[in-house]
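**Student:** need the 3D shape of this:
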Amino acid sequence: MTADKEKRRAISREAARKRRQVESEVFVDLSRLLPLKPSVRANLDKPSVIRLTLSYIRMHALLKVNAATETSHSVKYGDMLEGGEKWQMCDGGRDDGEKETEEAEALGESHLYLSTLEGFLMVLSIEGDMVYLSDNVSTYMGLTQTELMGHNIFDFTHPADHKEIQDNLQLMSEGLWCGSTEAFVLRIKSTLTHRGRSSNLKSATWKVLNCKGRVMVCSGPSTGSSLLLTCQPLPLSHTLLSTNTFTSQHSMDMRFTYCDQRVTLLLGYSPDELLGRSIYDICHTLDTDCLTKNHLNLCLKSQSVSGQYRMLVRGGGYMWVESHSAVIPSGPASKSRLSSHQPLCILCVTYTLSGVEEPSLQLSLDQTIHRSQLKMY
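**Tutor:** Down below sits the predicted model:
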């Protein structure tokens with residue numbers, strides 16, 4: 001009896017070993033189909049293989065639908081993937097040399113577009129799953145493409161931002177985003193240190209992203225729609241500063257406390273004239289909602305991008321501008337003054353996006369009378 005039991009156990013162990021071997025072979029074969037570098041595939045565990053496979057299947061299906069609906073502009077799935085192998089498609093009789101040259105050119109163009117963007121791409125499903133992220137996400141967040149794809153964005157974003165993300169996903173599911181572009185600011189986990197090194201996820205900090213989104217696949221309230229986001233970490237690079245840009249400092253209620261001299265060349269106001277004035281006083285009335293949203297993001301998230309709005313020009317008319325802003329301590333920390341009790345200020349870098357429009361149109365008394373004269377009334 002004991003011998004039979006031991007024999008059955010041996011048979012059971014052998015069967016289990018063969019099942020595990022077959023399972024491992026299936027996962028190895030499946031991982032080879034993933035358009036990733038061999039060095040990345042070699043370090044994937046089984047849950048990661050399943051997660052990435054599902055993400056690539058969803059992305060493939062999404063691009064097929066877009067290619068069918070946009071006959072004038074079809075996108076190949078392989079072109080969306082960074083640094084990996086291509087999916088097998090009809091080659092139209094081309095030889096291997098021509099295909100390799102075309103793939104190298106496409107990959108070079110992808111890297112050029114991403115470097116110009118100064119950020120990364122992310123595709124979200126209606127449920128908030130990160131279906132796709134561009135390979136350069138690690139440059140900005142420390143976390144790699146394979147670590148994030150397939151996970152839910154709510155697992156990596158600040159809890160206070162979940163309501164805003166959910167509201168935007170709800171608008172997408174209801175088809176209200178079709179044909180339009182929306183922008184919002186969110187905080188996401190980053191493992192990058194101040195020296196540019198990557199730490200572990202437990203030591204992650206919050207990085208503020210400015211996200212601009214557009215819905216892909218819009219056929220009414222369809223469950224197949226996804227949100228394509230361009231994500232730019234804030235504050236954005238200030239290497240773009242030029243004669244068409246001016247910096248300013250504000251109190252927390254957006255009153256000017258400092259402005260550089262370039263504002264005179266661009267808008268006609270002198271820096272001294274703006275001191276103590278609110279930025280709302282020199283913006284177009286129809287754009288106050290844009291500035292209010294930016295102001296609220298600054299108070300809640302410390303960094304924000306205003307989006308395009310109009311600033312009034314001295315003498316008449318207005319210019320389209322965009323402000324990149326951050327909340328900073330107004331003075332250095334000291335032992336006698338705790339950092340949490342330091343007064344705060346807002347630093348803005350404003351980019352002019354147009355010339356003076358409607359120069360003969362005067363929308364404010366400030367455009368007709370000097371401020372010193374206004375005090376007499």
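
**Student:** please make it C-alpha for all contacts and neighbour counts, starting now.
**Tutor:** OK.

**Student:** for the stretch 201-350 of the chain, what are the low-confidence residue spans?
**Tutor:** 217-224, 235-242, 330-343 (pLDDT under 70).

**Student:** now the helices for it?
**Tutor:** Secondary structure of the stretch 201-350 of the chain (DSSP state H, counting those that start in this stretch): helices located at 262-267, 271-274, 288-301.

**Student:** gap between the most centrally placed residue in the chain and Gly142?
**Tutor:** Residue closest to the average C-alpha location in the chain (CA atoms, centre = their mean): Cys231, at 1.2 Å. Per CA to CA, to the nearest Å, Cys231 is found 14 Å from Gly142.

**Student:** the helices of the stretch 201-350 of the chain: which one's closest to His158?
**Tutor:** Nearest to His158, of all the helices of the stretch 201-350 of the chain, is helix 288-301, at 9.9 Å by CA to CA.

**Student:** could you pull out the strands for the stretch 251-377 of the chain?
**Tutor:** Secondary structure of the stretch 251-377 of the chain by DSSP state E, counting those that start in this stretch: the strands cover 256-259, 303-312, 318-329, 344-352.

**Student:** tell me which residues in the first one are buried?
**Tutor:** Right, the one you point to is strand 256-259. Phe256, Thr257, Tyr258, Cys259 (16 or more other CA atoms under 10 Å).

**Student:** direction included, what does it pair against?
**Tutor:** strand 245-250 (antiparallel) (DSSP bridges).

**Student:** hey, C-alpha coordinates of the partner strand in CSV?
**Tutor:** Only the C-alpha atoms of strand 245-250 are listed here, as CSV (Å, rounded to 0.1, in the frame of the first residue of the first chain):
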residue,chain,number,x,y,z
THR,A,245,9.6,85.8,-23.0
PHE,A,246,9.4,87.7,-19.6
THR,A,247,9.5,86.5,-16.0
SER,A,248,7.5,87.8,-13.1
GLN,A,249,6.9,87.1,-9.4
HIS,A,250,3.6,87.3,-7.7
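
**Student:** report the angle between it and strand 344-352.
**Tutor:** 160 degrees (axes from the mean of the first three to the mean of the last three CA atoms, to 10 degrees).

**Student:** hang on, the earlier thing: can you tell me which residues contact the residue nearest to the centre of the chain?
**Tutor:** Gly119, Phe120, Leu121, Met122, Leu209, Asn210, Cys211, Lys212 (CA atoms under 8 Å, 6 or more residues apart in numbering).

**Student:** identify the bridge partners of it.
**Tutor:** What pairs with Cys231, by the bridge criterion (DSSP bridges), is Phe120, Cys211.

**Student:** relative to Val185, how far out is it?
**Tutor:** From Cys231 to Val185 the distance is 9 Å (CA to CA).

**Student:** quick check: neighbours shared by the two?
**Tutor:** Taking CA under 8 Å, 6+ apart as the contact rule, Cys231 and Val185 both touch Leu209, Asn210, Cys211.

**Student:** can you redo those as JSON lines with neighbour count?
**Tutor:** Shown next, in JSON lines, are these (neighbours: other CA atoms under 10 Å):
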{"residue": "Leu209", "neighbour count": "22"}
{"residue": "Asn210", "neighbour count": "24"}
{"residue": "Cys211", "neighbour count": "21"}
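
**Student:** tell me which of the residues you listed is nearest to Leu63?
**Tutor:** Of those, the one sitting nearest to Leu63 (CA to CA) turns out to be Cys211, at 21.2 Å.

**Student:** my read: the closest one touches Arg187, true?
**Tutor:** No - counting by CA atoms under 8 Å, Cys211 stays clear of Arg187, with 10.3 Å between them.

**Student:** tell me, how many residues neighbour Thr292?
**Tutor:** 13 (other CA atoms under 10 Å).

**Student:** sorry, that was for Lys207
**Tutor:** Neighbour number of Lys207 under other CA under 10 Å is 21.

**Student:** residue contacts, it?
**Tutor:** So Lys207 contacts Met141, Arg187, Ile188, Lys189, Ser190, Pro233, Leu234 (CA under 8 Å, 6+ apart).

**Student:** now the fifth one, which residues is it bridged with?
**Tutor:** So the one you mean is Ser190. Beta-bridge partners, per DSSP bridges, of Ser190: Thr205.

**Student:** wait, doesn't it sit right on Gly142?
**Tutor:** Yes - under the criterion of CA under 8 Å, Ser190 makes contact with Gly142 at 6.0 Å.

**Student:** I'm done for today, thanks for sticking with me.
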